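>>> build me a structure from this.
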Amino acid sequence: MQYVTLNNGLEMPQLGFGVWQVPDEEAEPAVAKALETGYRAIDTAKVYENEHGVGRAIAKSGIARDELFITTKVWNSDQGYDETLKAFDASLERLGLEYVDLYLIHWPTPEFDDYVETYKAMEKLYNDGRVKAIGVCNFNIEHLQRLLDECDVVPVLNQVECHPYFQQHELKKFCQDHNIYLEAWSPLMNGKEVLENDTVRAIAEKHGKTSAQVIIRWHLQSESIVIPKSVTPSRIEENFDVFDFELSDDDMDKLAGLDRGQRNGPEPSEMNKR
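Numbering: from 1, shown residues only. Predicted structure coming up:
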């Protein structure tokens, strides 16, 4: 396992396990398999409706709590200062934990203009020691800049859609300039056509690896944090088996050339679903 050091000094596994769209009853065996495989970072959210299953897997794992890195998120309908504090308590109860390592705002929902107050509530949770780090998801540069201008704690990371067809260069540069990590969700483009790309497949064949392993390795070597998701045991293992090879500079250049600016998820400024 490789770790990165966040801007508050906290160490975080660079490769984690995501559970988006995993039903609660499937989350427990999937997370159990991930922990057995070697993952130590688990990424969930209130809106995924699987915090109970994630918590059960953690409780049964026998792994010391301080060896795990657990992330969850406040959903759009729970934003606002008091609402965020209540939502955090509810997530903590569902997870069966005394603290979480990382708490994130799921979307900025700028139409409702409450993400600053939400973040200030998260600063309180951080200052009270109930979370070890705070950050955001799906924030564009203007949303991040407002937090930097109006709040005290710099987010440790910004979790956004990122894959070879949507590489987020401008946003990543802004984050790097402010010591904020970029964390990639949908790192394999939801298993869509990027896995069948001829360039990716040729690089995979050269290394004796799969396309998914090459893309995860590309994220790691691009200094991003990455959280692939699967409920298939063999793929959970495959996605973790990426520490025994290295992409060459030529490989990295070829993969950099695949960027199409092709976003699959919502544009953050337009995502205002409650």
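
>>> tell me which residues of the host helix or strand of residue 234 come out buried.
Using DSSP states H and E, residue 234 falls within helix 233-240. Of the residues in helix 233-240, those buried by neighbour count under the rule 16 or more other C-beta atoms under 10 Å are 235, 236, 238, 239, 240. For every residue, glycine as well, the C-beta is placed using N, CA and C.

>>> and that helix, what does it pack onto?
The helices and strands touching helix 233-240, judged by 3 or more C-beta pairs under 8 Å, 6 or more residues apart in numbering; DSSP states H and E, are helix 24-37, helix 211-221.

>>> which one of the ones you listed is the most hemmed in?
helix 211-221 (a mean of 23; mean count of other C-beta atoms under 10 Å).

>>> ok and it relative to helix 233-240, angle-wise?
If you take axes from the mean of the first three to the mean of the last three C-alpha atoms, to 10 degrees, helix 211-221 sits at 30 degrees to helix 233-240.

>>> helices or strands next to helix 211-221 in the packing?
Applying 3+ C-beta pairs under 8 Å, 6+ apart, one finds that helix 211-221 makes contact with helix 198-207, strand 225-226, helix 233-240, helix 249-256.

>>> and with 6 Å instead?
helix 198-207 (3 or more C-beta pairs under 6 Å, 6 or more residues apart in numbering; DSSP states H and E).

>>> report the distance from the helix it packs on to the chain centre.
How far helix 198-207 lies from its chain's middle: 26 Å, per C-alpha atoms, centre = their mean, to the nearest Å.

>>> what residues sit buried inside that helix?
199, 200, 203, 204, 207.

>>> for the first one, give its distance to residue 259.
Which is residue 199. According to C-beta to C-beta, to the nearest Å, residue 199 and residue 259 sit 12 Å apart.

>>> go on, the second one?
Residue 200 sits 13 Å away from residue 259 when distances are taken as C-beta to C-beta.

>>> what residues are up against residue 11?
3, 5 (C-beta atoms under 6 Å, 6 or more residues apart in numbering).

>>> equivalent analysis for the one 3 residues further on, please.
The neighbourhood of residue 14, defined by C-beta under 6 Å, 6+ apart, consists of 2, 4, 220, 225.

>>> who wins on neighbours among those?
residue 225 (25 neighbours; other C-beta atoms under 10 Å).

>>> what bridges to that one?
Beta bridges link residue 225 to residue 183, judged by DSSP bridges.

>>> my guess is it contacts residue 182, does it?
No - look at residue 225 against residue 182 with C-beta atoms under 6 Å: they stay out of range, at 7.3 Å.

>>> mind checking pLDDT for residue 1?
With respect to pLDDT, residue 1 has a value of 86.

>>> one more: residue 231?
For residue 231, the model assigns a pLDDT of 95.

>>> so what's it closest to, chain neighbours aside?
The spatial neighbour of residue 231 that comes closest, neighbours along the chain excluded (C-beta to C-beta, 6 or more residues apart in numbering), is residue 30 at 4.6 Å.

>>> and the gap between the one you found and residue 161?
21 Å.

>>> likewise for residue 127?
For residue 127, the distance to residue 161 - C-beta to C-beta - is 30 Å.

>>> residue 42 - that's part of a helix, no?
No - using DSSP: H, G, I helix; E, B strand; the rest coil, the assignment for residue 42 is strand, not a helix.

>>> next, count neighbours for it.
Neighbours of residue 42 using other C-beta under 10 Å come to 27.

>>> residue 271 too?
Number of residues near residue 271 (other C-beta under 10 Å) recorded here: 16.

>>> need the phi and psi values for it.
Main-chain torsions, residue 271, degrees, to the nearest 10: phi -90, psi 100.

>>> contacts only, for residue 172.
Neighbours of residue 172 in contact, by C-beta under 6 Å, 6+ apart: residue 182.

>>> how much space separates it from residue 261?
13 Å.

>>> quick check: closest non-adjacent residue to residue 160.
Leaving aside its sequence neighbours, residue 160 sits nearest to residue 138 (C-beta to C-beta, 6+ apart; 5.7 Å).
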